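In: I need the structure of the sequence given here:
(one chain, ligands or ions: 2)
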Amino acid sequence: MSLQLFDLSGKRALVTGSGQGIGLSLAEGLGRAGARVVINGRDTDKLAKAAAQLSAQGIVVEQAAFDVTDPKAVVEAVDAIEAEHGPIDILVNNAGIQRRAPLEAFEVDTWREVMRTNLDSVFFVGQAVARHMIRRGRGKIVNIGSLMSAAARYSVAPYTAAKGGVRNLTFGMCTDWARHGLQINAVGPGYFATPLNQALVENPDFDRWLKARTPAGRWGKVEELQGAVIFLASPASDFVNGQILYVDGGVLATL
Ligand code: GCO
Ligand code: CA
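Out: Ligands and ions are numbered 1, 2, ... in the order given. Reported below is the predicted structural model:
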């Protein structure tokens with residue numbers, strides 16, 4: 001039965017930045033596909049609430065509160081998950097922030113915060129988890145890029161630079177780690193109504209621009225990202241490597 005290709009039963013998935021928004025929705029999607037999910041964030045209250053929401057749906061969930069921008073904390077946390085819970089079969093590098101300002105006015109510290117959270121973390125967590133996956137000769141890594149991995153929009157140049165880095169780091173992870181039996185791909189979300197974009201959703205001018213610029217003529221719903229991540233986290237994608245799959249309602253296909 002070909003649906004079994006998408007079955008994640010018996011697998012453990014770590015999703016970074018999964019206390020809310022896209023990350024929490026992806027944890028839910030992976031859980032409903034059969035995976036045990038390890039949710040991550042820095043805010044333990046937010047994590048506890050997210051865990052309750054997931055286990056209420058019968059999803060087996062573990063919590064791992066650590067700062068994805070701190071390489072030491074990342075290695076300690078990943079090694080602890082592997083030791084206390086078991087192998088991490090799937091890693092979704094989702095943690096990210098958005099900071100908007102014209103580039104000429106962008107603060108250096110804010111630039112560093114964007115690069116640390118959106119790009120450095122993908123390297124830190126990816127490397128810590130891949131070391132275990134390489135030892136086992138198997139593993140799935142899905143990096144969450146963005147529409148901005150391919151093009152910029154006014155006032156988000158640093159985010160665009162970071163997400164461009166996530167796209168190319170995905171290529172690099174594939175080149176170095178596919179030989180060990182790992183598959184590393186990325187998903188590039190377009191515009192979704194999430195907490196990160198609340199200011200945009202509530203801005204009537206932006207809302208009008210977005211609907212005109214998107215062939216589907218609407219915002220994405222976060223659950224509409226689940227299918228692409230389940231596919232790239234499952235046996236259905238065992239020979240897919242180093243790809244970025246845009247989930248953007250057609251934005252990149254049109255001028
Ligand atoms: C913006 C938005 C975008 C997208 C994000 C999703 O300010 O233009 O935050 O950057 O929502 O790229 O991947
Ligand atoms: Ca708190």
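In: How many neighbouring residues does residue 1 have?
Out: A total of 5 residues lie near residue 1 under the criterion other CB atoms under 10 Å. C-betas here are computed from N, CA, C, even on glycine.
In: how far away is it from ligand 2?
Out: Between residue 1 and ligand 2 the computed distance is 44 Å (CB to the ion, to the nearest Å).
In: Ok, residue 184 next?
Out: Using CB to the ion, residue 184 is found at 32 Å from ligand 2.
In: show me the contacts for residue 75.
Out: Neighbour list for residue 75: residue 128 [criterion: CB atoms under 8 Å, 6 or more residues apart in numbering].
In: Can you tell me the SS state at it?
Out: helix (DSSP: H, G, I helix; E, B strand; the rest coil).
In: what about it, distance to residue 82?
Out: With the distance defined as CB to CB, to the nearest Å, residue 75 ends up 11 Å from residue 82.
In: Kindly report the same for residue 17.
Out: Taking CB to CB, one finds residue 17 at 20 Å from residue 82.
In: now residue 198
Out: Distance of residue 198 to residue 82, computed by CB to CB: 36 Å.
In: More neighbours: the two, which one.
Out: With neighbours defined as other CB under 10 Å, residue 198 and residue 82 compare such that residue 82 has more, 18 against 11.
In: so what's that one closest to, chain neighbours aside?
Out: residue 132 (5.4 Å; CB to CB, 6 or more residues apart in numbering).
In: got a list of what that neighbour touches?
Out: Counted by CB under 8 Å, 6+ apart, residue 132 has contacts 78, 82, 87-88, 139.
In: The nearest residue to residue 192 once chain neighbours are set aside - how many residues pack around it?
Out: Among residues not flanking residue 192 along the chain, residue 220 sits closest, at 4.2 Å (CB to CB, 6+ apart). Using other CB under 10 Å, residue 220 is surrounded by 19 other residues.
In: So which bits of the helix or strand hosting residue 39 are buried?
Out: Applying DSSP states H and E as the criterion places residue 39 in strand 36-41. By 16 or more other CB atoms under 10 Å, the buried positions in strand 36-41 come out as 36-41.
In: quick one: contacts of it?
Out: Here strand 36-41 makes contact (CB under 8 Å, 6+ apart) with 11-20, 23-24, 27, 30-31, 47, 50-51, 54, 59-66, 68, 77, 81, 85, 88, 95.
In: just stretch 226-241 next, same as before
Out: Under the criterion CB under 8 Å, 6+ apart, residues 5-8, 11, 13, 25-26, 28-30, 32-33, 35, 90, 92, 140, 142, 174, 178, 183-185, 187, 245, 247 lie in contact with stretch 226-241.
In: Now list the buried members of those residues.
Out: 6-8, 11, 13, 25-26, 28-30, 32-33, 35, 90, 92, 140, 142, 174, 183-185, 187, 245, 247.
In: of those, list those near ligand 1.
Out: By CB under 6 Å from any ligand atom, no member of the buried ones among the contacts of stretch 226-241 lies near ligand 1.
In: Mind checking which of those residues are in helices?
Out: 25-26, 28-30, 32, 174 (DSSP state H).
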